[in-house]
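> predicted model, plus sequence, below.
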Amino acid sequence: MAATPTSSLQRLHLTAVGGSIMHNLALALHRRGAHVTGSDDEIFEPAKSRLQAAGLLPAAEGWFPEKITADLDAVIVGMHARADNPELLRAQELGLRVYSFPEFIYEASKDKQRVVIGGSHGKTSITSLILHVLRYHGRKFDYAVGAQLEGFDLMVQLTEDAPIIIIEGDEYLSSPIDRRPKFHLYQHHIGVISGISWDHINVFPTEEIYREQFKIFAEMTPKAGTLIYDQDDEQVQLVTVPSNPDVEYIGYGPHEHVIKDGKTFLLNKKDEKVPVQVFGEHNLRNISAAKEVCKQLGIKGKPFYEALATFKGAARRLELVAEGDDSVVYKDFAHAPSKLKATATAFKKQFPKRRLVACLELHTFSSLNPAFLPQYAHTFDAPDVAVVYFNPHVLEHKRLPPLAPEQVAQAFNRPDLRVFTDSKQLAHYLHTQNWHDANLLMMSSGTFDGLDLKQLAAEVVSA
């Protein structure tokens, strides 16, 4: 396909427009002045309201090949669509340009310096940190990130004049007709690998195949490019061997710090204490990664720390829900084994004198897969009370075999683990806990089947 500047593509149709990142792309293109249409067979909040407010909400849910006409400049297809999607087939029949999300972002940023943050965990937080610092100092930049960030109304921004773009580099597949990982398509100048922990078992059936995707990413770093990586991660060490003399390799570890009265302070080169609003070793590593990227972009030392002091974290990444005199409630996106262990351990270390009740929802394809469950062994040892919840109906929806609570308990290798399959019973159990000098940590990429976390949190901190 011949390259075409995306600014010249004025009539665009998005198939699977209701997706988290896809609806943000639609809004960003609309804001740039393009004529945007879209389709999806299911659109949930907040995408529904946001598309409606911009006049982009499809009149009806479903796929409509008649929307794909010869006067379209391009069709952008999201992962929610299938290879036999009638709109996609119609676009191919007409010979229209068809982009995946990462292909389109690359085309839109060909003339920019591209910073791509990859890794099994931490990439959203690192990307958020970098964006916060750049915005704090008034720098012009574009971005594509997988989570809603405080102070940013969209998760995608594409402009003509920004010299750089910061991209969260997801390793999942690009589209139903392009099986390459997204982060292979961005062609980074500055790349980050924050950590590698086997995930997406439905696409990468072995740990070796999964790790190979990061090796390919590392080796794509161009001449005069920079690769920034977690130097303590054993899996990362296997793929970031400094083999290209024309590439700058920068390893990082957790930022030096002290914890006092439940608050974390960074130590800079002058041993000054810089207060931050995030905590945990994984976040201290994220800060180090962001610091190295910002240094490459010309923001270092005091200006970096000045901006960092006002960073509150990415949405759903160790996000404070409620705080009382002797208890706090946080929610977190953690669901993979490495994320679970890091988050629970960090929380206990931050509040060592308080009892920790932690609850995990198994919600993803990997986490509910019996073949993957043993990866969770001893990852939930840090909490004083450990609870796991899953909904059997989700297993049916993902076409996975039934899962017994006993299987889950055995996989975590923690005899006192409580396992629930009914959200009402889970809520009752949490309500009956003693919350004096105790914290609650809720971890999931889902919603615990609509559990009212704000109400629960209010009761916890007022108990």
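Received it, and whenever you're ready, just let me know what you need. Residues are numbered from 1 along each chain as shown.

> got the confidence number for Ala2?
At Ala2 the predicted local confidence, pLDDT, stands at 44.

> begin at 866, not 1, for the rest of this chat.
Done: numbering now begins at 866, and the last item shifts to Ala867.

> using PDB, list the CA coordinates for stretch 1267-1276.
C-alpha atoms of stretch 1267-1276 as PDB (Å, rounded to 0.1, in the frame of the first residue of the first chain):
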ATOM      1  CA  PRO A1267     -15.800 -24.600  34.000                       C
ATOM      2  CA  LEU A1268     -13.500 -23.700  36.900                       C
ATOM      3  CA  ALA A1269     -14.000 -24.900  40.400                       C
ATOM      4  CA  PRO A1270     -13.200 -22.700  43.400                       C
ATOM      5  CA  GLU A1271     -11.000 -25.500  44.700                       C
ATOM      6  CA  GLN A1272      -8.900 -25.300  41.500                       C
ATOM      7  CA  VAL A1273      -8.300 -21.600  42.100                       C
ATOM      8  CA  ALA A1274      -7.400 -22.000  45.700                       C
ATOM      9  CA  GLN A1275      -4.900 -24.800  44.800                       C
ATOM     10  CA  ALA A1276      -3.300 -22.700  42.000                       C
END
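
> and that stretch, what's buried?
Residues Leu1268, Val1273, Ala1274, Ala1276 are the ones in stretch 1267-1276 that count as buried (16 or more other Cβ atoms under 10 Å). In short, each C-beta sits where N, CA and C put it, glycine included.

> can you confirm the third one is in a helix?
Think Ala1274. Yes - assessed with DSSP: H, G, I helix; E, B strand; the rest coil, Ala1274 lies in a helix.

> surely it touches Asp1281?
No - assessed by Cβ atoms under 8 Å, Ala1274 is found out of contact with Asp1281, at 9.1 Å.

> looking at the buried residues of stretch 1267-1276, which one is closest to Val1112?
Set against Val1112, the nearest of the buried residues of stretch 1267-1276 by Cβ to Cβ is Ala1276 (40.0 Å).

> spatially central residue in this protein, please.
For the chain, Thr989 is the residue whose C-alpha lies nearest the centre (Cα atoms, centre = their mean; 4.5 Å).

> of the buried residues of stretch 1267-1276, just say which sits nearest to Gly927.
Leu1268 (32.4 Å).

> quick one: residues contacting the closest one.
For Leu1268, the contacting residues are Leu1233, Pro1235, Phe1255, Pro1257, Leu1260, by Cβ atoms under 8 Å, 6 or more residues apart in numbering.

> domains for this protein, by residue range?
Annotated domains of the chain cover 873-961, 969-1173, 1184-1327 [automatic domain parsing].

> any idea which element the residue nearest to the centre of the chain lies in?
Assigned by DSSP states H and E, Thr989 belongs to helix 988-1001.

> and the lengthiest helix in the chain, what does it pack onto?
Across the chain, the longest stretch assigned as helix under DSSP state H is helix 1146-1161. When contacts are defined as 3 or more Cβ pairs under 8 Å, 6 or more residues apart in numbering; DSSP states H and E, helix 1146-1161 sits against strand 978-983, helix 988-1001, strand 1055-1058, strand 1091-1095, strand 1113-1117, strand 1128-1132, helix 1167-1173, helix 1202-1215.

> returning to that earlier point: just send the buried residues of stretch 1267-1276 back as CSV, with pLDDT too.
Converted to CSV, these look like this (pLDDT from 0 to 100):
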residue, pLDDT
Leu1268, 90
Val1273, 93
Ala1274, 92
Ala1276, 94
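
> from the residues you listed, pick the one nearest Gln1298.
Using Cβ to Cβ, these come closest to Gln1298 at Ala1274, 19.2 Å.

> which residue is the nearest non-sequential neighbour of that closest one?
Excluding the flanking residues, the one nearest Ala1274 by Cβ to Cβ, 6 or more residues apart in numbering is Leu1282, at 4.9 Å.

> tell me the contacts of that neighbour?
Contacts of Leu1282 by Cβ under 8 Å, 6+ apart are Phe1245, Ala1251, Val1252, Val1253, Val1273, Ala1274.

> again with Ala1274
So Ala1274 contacts Val1253, Pro1280, Leu1282, Val1284 (Cβ under 8 Å, 6+ apart).

> can you tell me how far it is from Pro1239?
According to Cβ to Cβ, to the nearest Å, Ala1274 and Pro1239 sit 12 Å apart.

> go on, Phe966?
Phe966 is 33 Å from Pro1239, by Cβ to Cβ.

> who has more neighbours, these two?
Neighbour count, other Cβ atoms under 10 Å: between Phe966 and Pro1239, Phe966 has more, with 25 against 12.
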